[in-house]
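Enquirer: got a predicted structure here, sequence first:
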Amino acid sequence: MKLEEEIAQHLSDLKKGSSLRVLKTQSDSSDFVDLSTNDYLGIAQNEPIRETFYSNAQHLALTASASRLLGGNHVEYDHIERFLAQLYHKSALFFNSGYHLNLGVLPSLSRKNDLILADKLIHASLIEALKLSPAKNIRYRHQDYAQLEQILEQQSSTYDRVFIVSESLFSMEGDWVDLERLVQIKEKYNAILYLDEAHAVGAYGPQGLGLAVQLNLLNKVDLLVGTMGKALASVGAFLICSETIKSYLVNTCRSLIYTTALPPINVAWSLMVLEQMVAFEQERIELAQKSSYLKQQLQKSRYNVVGDSHILSIVIGDNQACIEISRKCEKNHIKVQVVRPPTVPEGTSRIRLSVHQNISYYELDRIAEIFVSS
């Protein structure tokens, strides 16, 4: 069978199973309540912040025109990394995206006789990193720390180094890692802890710095990941680590070295957002309150509602049923995300809701009513 025929057959099979993805052009219509984005603090819609930035951004370049090592390391990178270092009291290294960061760091740091143990539900970018790494990798059952420790007891002594990889707030389940337990295990087996806080940074913890800071465990986390593309309404990502690791990655991390740097104007916007975000304590309180309220209302429906955060998923199971409910939401001017395999396991197709701080309780009631009546 020719390549085109094989691909056409695969697409046909996806369509039959209601799993075919298409790119939909999104409008900025204010008529819709949008629960499909990760703009948790509403910064993307914050006109005063945008206007302040635009009024001072005319001098900023629209392209870096080179990688960071070949002339693209503009002064804005120094500014944002210094500010992050002040916030976290460690060194910071900025990347083009969370995908770039996750794809590059573990393959750079790990060796053939290392072991990487990762939660089953880590992000796709980390799964790809495992494939690129020369180390052996095992994915333990989601949040199953007994299994994690069992693997360590049986295998850790045969490897030079062990990495433990987890998200702090899982992007599809909306649940939190037991970080205190994970740190205990890390210390017991002298492991290296890699914590992806992509969905927590900005929206959770003092100054929006995430779970590790909230629990006063930052110094126990060897590699902490934050992203600018979610609650912080920008683009890019950062690694919080030691100065030694930062220097090593600048010399070895291919996803940092071999890509054109972000435009200076984007990095400057990221810095401004970070400076504003640290003071958004009331917004974070309101986000938590509204997320809790929506979950309570959704639990009146017949569906399984998962999530203990601003990420809530209504697990429906059937792909077509998810699509039909999403269409019902759209008719009611509500944007939602349908999440299907392989992003989530077979039989757990769902509608994922990203709650944001500036949504009203009236709108939350409207959303809940759609699921209650479905």
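Expert: Structure received.
Enquirer: pLDDT of stretch 317-334, averaged?
Expert: The average pLDDT for stretch 317-334 rounds to 92.
Enquirer: ok, stretch 51-70 next?
Expert: 94.
Enquirer: what of stretch 261-269?
Expert: The model assigns stretch 261-269 a mean pLDDT of 97.
Enquirer: so which residues make contact with it?
Expert: For stretch 261-269, the surrounding residues in contact (CB atoms under 8 Å, 6 or more residues apart in numbering) are 53, 57, 60-64, 66-68, 72-77, 79-80, 94, 96, 234-236. Any C-beta I mention is one placed from the backbone N, CA and C, and that applies to glycine too.
Enquirer: now do the strands in the stretch 251-374 of the chain.
Expert: 304-306, 311-317, 334-335, 337-339, 349-354 (DSSP state E, counting those that start in this stretch).
Enquirer: checking V250 next. Helix, strand or coil?
Expert: Taking DSSP: H, G, I helix; E, B strand; the rest coil as the rule, one finds V250 in the helix state.
Enquirer: I figured it hits T244, correct?
Expert: No. In this structure V250 lies outside contact range of T244 using CB atoms under 8 Å: 11.0 Å.
Enquirer: okay, these two: which has more neighbours?
Expert: V250 (14 against 9; other CB atoms under 10 Å).
Enquirer: hmm, back to that, just the strands of the stretch 251-374 of the chain: most buried one?
Expert: strand 349-354 (a mean of 24; mean count of other CB atoms under 10 Å).
Enquirer: related to what we said a few turns ago, how about the strands of the stretch 251-374 of the chain in a markdown table, adding distance to Q214?
Expert: Compiled in a markdown table, those are given as follows (distance: least, CB to CB, whole Å):
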| stretch | distance to Q214 |
| --- | --- |
| strand 304-306 | 21 |
| strand 311-317 | 17 |
| strand 334-335 | 30 |
| strand 337-339 | 26 |
| strand 349-354 | 20 |
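Enquirer: of these, which approaches S125 most closely?
Expert: strand 337-339 (16.3 Å; CB to CB).
Enquirer: check which helices and strands that closest one is in contact with.
Expert: Strand 337-339 is packed against helix 319-331, strand 349-354, with contacts defined by 3 or more CB pairs under 8 Å, 6 or more residues apart in numbering; DSSP states H and E.
Enquirer: now do the buried residues in stretch 277-288.
Expert: Residues of stretch 277-288 classed as buried by neighbour count (16 or more other CB atoms under 10 Å): 277, 280, 283-284, 286-288.
Enquirer: dump it to PDB, restricted to CA.
Expert: These are the backbone C-alpha positions of stretch 277-288, laid out as PDB (Å, rounded to 0.1, in the frame of the first residue of the first chain):
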ATOM      1  CA  MET A 277       1.800  38.200  38.500                       C
ATOM      2  CA  VAL A 278       3.600  38.100  41.800                       C
ATOM      3  CA  ALA A 279       1.100  40.600  43.300                       C
ATOM      4  CA  PHE A 280      -2.100  38.800  42.000                       C
ATOM      5  CA  GLU A 281      -2.800  37.100  45.400                       C
ATOM      6  CA  GLN A 282      -6.500  38.100  45.400                       C
ATOM      7  CA  GLU A 283      -6.900  36.800  41.800                       C
ATOM      8  CA  ARG A 284      -5.500  33.400  42.900                       C
ATOM      9  CA  ILE A 285      -7.800  33.200  45.900                       C
ATOM     10  CA  GLU A 286     -10.800  34.000  43.600                       C
ATOM     11  CA  LEU A 287      -9.600  31.400  41.100                       C
ATOM     12  CA  ALA A 288      -9.600  28.700  43.800                       C
END
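Enquirer: what's next to it, contact-wise?
Expert: 40-43, 87, 202-204, 206-209, 231-232, 310, 355-357.
Enquirer: what subset of those is buried?
Expert: 40-43, 87, 202-204, 207-209, 231-232, 310, 355-357.
Enquirer: ok, back up a step: farthest pair in the buried residues of stretch 277-288?
Expert: M277 and A288 (15.5 Å).
Enquirer: where does Y303 fall, phi/psi-wise?
Expert: Backbone torsions of Y303, given as degrees, to the nearest 10, read phi -100, psi 160.
Enquirer: ok, now which ones touch it?
Expert: Y303 neighbours (CB under 8 Å, 6+ apart): 314-316, 371.
Enquirer: take those residues and lay them out in TSV including distance to L179.
Expert: Below are the contacts of Y303 laid out as TSV (distance: CB to CB, whole Å):
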residue	distance to L179
I314	26
V315	25
I316	30
F371	31
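Enquirer: just the closest of those to S255, please.
Expert: V315 (33.1 Å).
Enquirer: my read: the closest one touches T348, true?
Expert: Yes. V315 is within contact range of T348, at 5.5 Å (criterion: CB under 8 Å).
Enquirer: any idea of the mean pLDDT in the lengthiest helix in the chain?
Expert: Secondary structure of the chain per DSSP state H: the longest helix is helix 281-298. The average pLDDT for helix 281-298 rounds to 97.
Enquirer: format the helices and strands packed on strand 337-339 as JSON lines; extra columns: distance to Q184.
Expert: Conversion of the helices and strands packed on strand 337-339 to JSON lines gives the following (distance: least, CB to CB, whole Å):
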{"stretch": "helix 319-331", "distance to Q184": "38"}
{"stretch": "strand 349-354", "distance to Q184": "31"}
